[in-house]
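J.: A predicted structure for the sequence below; I have some questions about it.
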Amino acid sequence: MIGRDGEMRVLHGLLRNTAGGQGTALLAYGSAGVGKSTLLRAVADEATRRDFRVLRTSGVETEQWLPYAALQLLLQPASRGIRNLPDPHQRALNGAFGATEADPPVHRVGLAVLELLADAADRQPLLLLADDLQWVDSSSRDVLRFVARRTSDLPILLLAAARVDSAAEYSMGVRPDMRLDPLGPEAAAELLDAEAPDLPVSLRTLVLDRAVGNPLALVELPKAVRRSPGQTGDLPLTQRLEAAFAARTDSASRECRSLLLTLASEPTAPLSTLLDVSSGLCGSPVTLHALQEAIDAGLVVLNGRTPEFRHPLMRSAVYTRSPLADRLGTHSALAAALDDAPDRQLVHQAAAAIGPDDALAGRLERFADTSQARGKIAAAVPALRQAADLVRDARRRTGILIRAAELADEINDRITAHLLLDRADMDALGPVERARLMVVTDSAAFEPGAPERRIEDMVKAAAGAFDAKAEDVAKDLLWRAAARCFFQDGDARVRARVTAELDRWDSEPDAPHVLTVRAYAQPYRYGAEVLARLDALEPAHKDGRSMHFLGSGAMGLGDVTRAVGYLSPAVTAWRSQGRLGLLARSLAASYSRSYLGQLSQAREESAEGLALAEETGEWIMWLSLKANVGLVAALRGETEDSARTIREMRAHRLFPSMPFAAARAQQVDGLLALFDGRVTEAYEILAAAFEPGDPHYHSVCRWLLVSDLADAAVAAGTVEQARELLADLPELARELPSEMMTVARTYAAAVLSPDETAEENYVAALGALPAGWTLTRARLQLHHGRWLRRRRRSVEARKPLRLARDEFQRIGARPWLEMAGEQLRAAGETGRQRSADSSIHLSAQEMQIAVMAAQGLSNREIGQRLFISHRTVGAHLYRIYPRLGITSRRALTAALATLGEGPAPTGAGLPERSGRAVPGAVD
C-alpha cells in the first residue's frame, strides 16, 4: 500500500480496538481507481494475520433490484449459524433470502443478522467488507447500516467502500468517513516504478501526467501507452482507464470477447450458463479456453468457480464499448436462458428493448405490484424505473416515476427518489400525481424563510386530489400542510386556508387526522373544541397510527398529560412492528416527561429517539429530540452537555427554517444562563422568544417558556417588562384551555404578582396546576417559600421549601435542589436531606437496560425492545453491576432505588393523575 500509511494506521487501530471488543464501522470513498478495493484487501490480509474471520460482499449493478442479494453473499460462510438462532430470527433470514413469499421488515432482518454475527464474533473477531456500496441493493445497505450502529460493544468491524464523490448518502453514520484522494507526486512515482520499472523516461513522464495520482491508472496505463502512446490523451481519466481495458480485448478471440460481454451483462450467472449463452451468440463452442484467455489478459479472476472482473471499470469498459447490437443480442439470449429465474429474465427483456413497449412496461408494473404486496419494495423500484422508460404516454410515464419515487422514499433511498423525480414531466401531472409529488418531496422542501407559499401549494394540491376522489392522498397532504403550520409557524392566513379546506370535505369531526389538523393549524380557534372531543373519545389504543395522530394533536395544543397517554401506546405499537422512523416520532413526546419531572424516563426516551431519528433520516424529529436531550441535561445540572447539544442543534441545516426548534433551543440557553447566575442575559434570551419579529418566536411554543421567563424576570428585576410581554396570555389561555396555557397563566400570575396579591395568587396557582405537573409545582413552592422568607415569615417558609427540595431531589433537578437548600438554610433549617450518590452515572441506554433487567426481562427480550444484540445487553450489565456495587440481577431493584430510579414500565395507557407524575410541559 504505497502512499496510504495514514489510512492504514487508522485501520490497524480499528482492528486492534475491535479485537478488544470495541467494534465500529467506516466508509472509504473516492473516485474510480483511487485504491478503495486494494485498501479493503490489505485490511483483510492484516485481519487474517490477527486471527479475524473475514466475510465479504460487493455490489453488482445488475443486482440492485434483488433485495438482500449482497447480504446473502456476505453471510453465506456463516449461514450454518442461522439454525442456532431463535425461531423469529430464523424466519426473518429465511424470508429475506427467498425461502418465503414475503420479505420481512428490514429491522427484523437487521436484528437477526446482528444476532448471527454477534454469536459468530463471540468465537472469533469479525471483519465485514462491503465493496462497491453504491451498487449494493438498498435492503442490504439498510441492514448493513443497522448493524454498523450496534457494534460498539461487539468484536465486529464493518468496512465499506463506495465510488462516490460525497459520502452523505452512503455513510455508516458511526465515525468520520475516510476519503481516499489521489496519491501525491512522490508516492505516485514510487508506485509507477514498482509496477513498471523498465518504462522509458518519456513514457514514464507521460503516464505520471495522465494518471494524476490515480493508483489504478498508474498500474494500467503503462500497458496502454506502450501500445499507442497518443490514443487516450484527451479523455477523462475514467474513460482513459476504460479505453485501456477495452484495448486488451482487441487481440482477444471472438469466443473470449463473447464470454466477456455475457459476463458483463450478467455477472452473477453460473459459469455453465455463461458458456452456453456465449456459445449461442458466437455460433461456435465457447470453452474454458476462452475463460483462461480472459484471465491471462488480466481482465478476469476466479473466485472459487465463479469468474469476476478484476475491477468494476473492466466490466463497464467491456460492456459500454461493445456494439449496441451485440449488447441487445446478449440480453435477449440471457432472457431466453433464464426461464427458471423470472425476475432476472424480466431484467434482461427490459434491457433488450430497443424502443417503447407498453406491453413489457405493463409486465414490469405487475411485477412491481407483486413485489410491493410481498414487502419486496426494493425490487419494485427499479422495475418501475425501467417501466417508465418503455411507455409512450408522458402522463403515464410521470405517474410511474412518482410511484417509484414514493416507494424509494419509503425505504429511505432518497438519492433514487430524487433522481426519479428529476425525470418526471411536471407539465404532464394530473391533480392526483401533483399531490403525490408534494407528499414525496415534503421532507426535502424545508427552506429558511416564510413557509406560506409551500403550505398554500400543498392545500391547493390536496384540494385537487380530494376532488379527484384520491381521499387518502388528500388527507395525507393536508395533514402535512397543517404540521408545517405548527413546525414552521405559518401565518394566520395559511392556517385558516388549511382548516377551510378541511371543512369543505365535511369530514367526520372526531377522526384522529381531523382533530390533529385543527390542533396544528388553528389551536386558538379550535383548541377548546378539540380538547372537548378528546375528552369524549374512546380511541383504539392498539392502533398506533390513530394514537400517534391524537398524541401529536394534543402535543400541538400543549395538553401534554393527554399527549403522553396517547403516544405511549403508539410507542409500544411502533416498537413491536419495528417502525423505527415512526418510533422516533412518537418518542419525541419525551419532552413532556421532562416538564413534569420524569427526567430519567425523558432522558432514556430522548436518547433512544435521537439515535433512531438520525438512523432513519427523521431530521425534524431529530431537532425536537435534540432539544429534549439538551433540556433534560440542563434540568439535571449537566450544563456542559446541555450547551454542546444545543450548539449541535443550532448548526443543523434545517434549524433556521424551524421556529418550533428555535424557541426550544432558546429555552435551554436561557435556563443555562439562569443557572449560571447570568440573570439579565437569561431574561433577554428568554424574552426574545416572545417578540414576533425574532427568529426564536413561535406563536404557540413560546408559552412553554413562561415559567422560565418569570423566574428570570424575578432574578433580574424585570418583572414589569415580563408582565408586558405576557399581556395577551390570559385571553389566549381562555381560548385554548390546555395544560400548557393553564400552567403558563397561573405560574406567571403568582410569580410576577405584586406583594399585596402574591399570597392569594400562590394559593390559587398551586390549586389550579394539573396534578401531574410536579416539577412546576415544586418550582412554585420554591418561589412561595422564598417570598415568605423575604416577608420575614421564615417558619412558614420552611414547609413549601421542604416540599420543593424533596421533589427536586426525587426527580434529580440539581440546580433547583441547590436553590431550595440555600433557601432552607436561610430560613433556619438545620437538617440535611439524604442525597443520592452522584458519583454513579449511567448513560441513558444503560439506565434503560438496568430498569428492564430489574423488571425481569431477559437479555434477548431487552435486545428486541431496544433493537440491539443480546450480547450488547450482557456487556452493558457486566459494566453496570460493579458501578452499582452489586453482583447480580436480583439486586438491581434496590440499587436503582438508591439512585431515585425504579423499574416502572416505559409507558402504556393513560398516565396516572397522582403519584410519580405524568409528563407535561413548561419547565
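T.: Done, it's in.

J.: I'd like to know how many residues surround the nearest residue to residue 135 once chain neighbours are set aside.
T.: Sequence neighbours aside, residue 59 is the residue nearest to residue 135 in space, at 3.0 Å (criterion: C-beta to C-beta, 6 or more residues apart in numbering). (C-beta placed from N, C-alpha, C; glycine too.) Residues lying near residue 59 (other C-beta atoms under 10 Å) number 24.

J.: doesn't residue 132 make contact with residue 59?
T.: Yes. Residue 59 is within contact range of residue 132, at 3.9 Å (criterion: C-beta atoms under 8 Å).

J.: Strands of the stretch 251-400 of the chain, residue ranges please.
T.: Counting by DSSP state E, counting those that start in this stretch, the segments of the stretch 251-400 of the chain that form strands are 300-303, 306-309.

J.: Please convert these to TSV, extending it with distance to residue 169, mean pLDDT and mean neighbour count.
T.: TSV is the format used below for those (distance: least, C-beta to C-beta, whole Å; pLDDT from 0 to 100; neighbours: other C-beta atoms under 10 Å):
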stretch	distance to residue 169	mean pLDDT	mean neighbour count
strand 300-303	28	88	14
strand 306-309	25	89	18
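
J.: Mind putting these into a markdown table with distance to residue 619?
T.: Shown next, in a markdown table, are those (distance: least, C-beta to C-beta, whole Å):
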| stretch | distance to residue 619 |
| --- | --- |
| strand 300-303 | 40 |
| strand 306-309 | 39 |
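
J.: which one of those lies closest to residue 451?
T.: Closest to residue 451 of the strands of the stretch 251-400 of the chain, according to C-beta to C-beta: strand 306-309, at 49.7 Å.

J.: Show me what that closest one is packed up against.
T.: Judged by 3 or more C-beta pairs under 8 Å, 6 or more residues apart in numbering; DSSP states H and E, strand 306-309 is in contact with helix 254-265, helix 271-282, strand 300-303.

J.: how much space is there between the closest residue to residue 307 other than its chain neighbours and residue 716?
T.: Leaving aside its chain neighbours, residue 307 sits nearest to residue 300 (5.1 Å; criterion: C-beta to C-beta, 6+ apart). According to C-beta to C-beta, to the nearest Å, residue 300 and residue 716 sit 77 Å apart.

J.: How about residue 672?
T.: Residue 672 is 15 Å from residue 716, where distance means C-beta to C-beta.

J.: Off-centre distance for the helix or strand residue 461 falls within?
T.: For residue 461, the host element (DSSP states H and E) is helix 452-467. Once both centres are worked out by C-alpha atoms, centre = their mean, to the nearest Å, helix 452-467 turns out to sit 28 Å from its chain's centre.

J.: Against residue 64, how distant is the residue nearest to residue 307?
T.: Between residue 300 and residue 64 the distance is 22 Å, computed by C-beta to C-beta.

J.: Next: residue 646.
T.: Applying C-beta to C-beta, the value for residue 646 to residue 64 is 40 Å.

J.: buried sites along stretch 258-271?
T.: 258, 259, 260, 261, 262, 263, 264, 265, 266, 267, 269, 271 (16 or more other C-beta atoms under 10 Å).

J.: gap between the two ends of it?
T.: Stretch 258-271 stretches 13 Å from its first residue to its last (C-alpha to C-alpha, to the nearest Å).

J.: residues in contact with it?
T.: 60, 62-63, 69, 249, 252, 273-275, 277-279, 281-282, 286, 290-291, 294, 299-300, 305-309, 315-316, 318-319, 322, 326-327, 330-331, 333-334, 344, 348, 351 (C-beta atoms under 8 Å, 6 or more residues apart in numbering).

J.: Tell me which other helices or strands the worst-scoring helix or strand of the chain on mean pLDDT touches.
T.: When the helices and strands of the chain are scored by mean pLDDT, DSSP states H and E, helix 237-247 comes last with a mean of 70. With contacts taken as 3+ C-beta pairs under 8 Å, 6+ apart, helix 237-247 sits against helix 201-211, helix 215-227, helix 312-320.

J.: what's the least confident stretch among those?
T.: Ranked by mean pLDDT, the helices and strands packed on helix 237-247 bottom out at helix 215-227, which scores a mean of 77.

J.: pLDDT score for residue 155?
T.: You'll see residue 155 listed with a pLDDT of 96.

J.: picking up where we left off before, among the strands of the stretch 251-400 of the chain, which comes closest to residue 653?
T.: Among those, strand 306-309 sits nearest to residue 653 (C-beta to C-beta), with 39.1 Å.

J.: Partner strands of the closest one and their direction?
T.: strand 300-303 (antiparallel) (DSSP bridges).

J.: Can you dump the C-alpha atoms of the partner strand in CSV for me?
T.: Only the C-alpha atoms of strand 300-303 are listed here, as CSV (Å, rounded to 0.1, in the frame of the first residue of the first chain):
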residue,chain,number,x,y,z
VAL,A,300,-10.9,-11.7,-15.1
VAL,A,301,-10.1,-13.6,-11.9
LEU,A,302,-11.7,-16.8,-10.5
ASN,A,303,-13.3,-16.6,-7.1
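
J.: So residue 556 is in contact with residue 520, correct?
T.: Yes. Counting by C-beta under 8 Å, residue 556 touches residue 520, with 4.8 Å between them.
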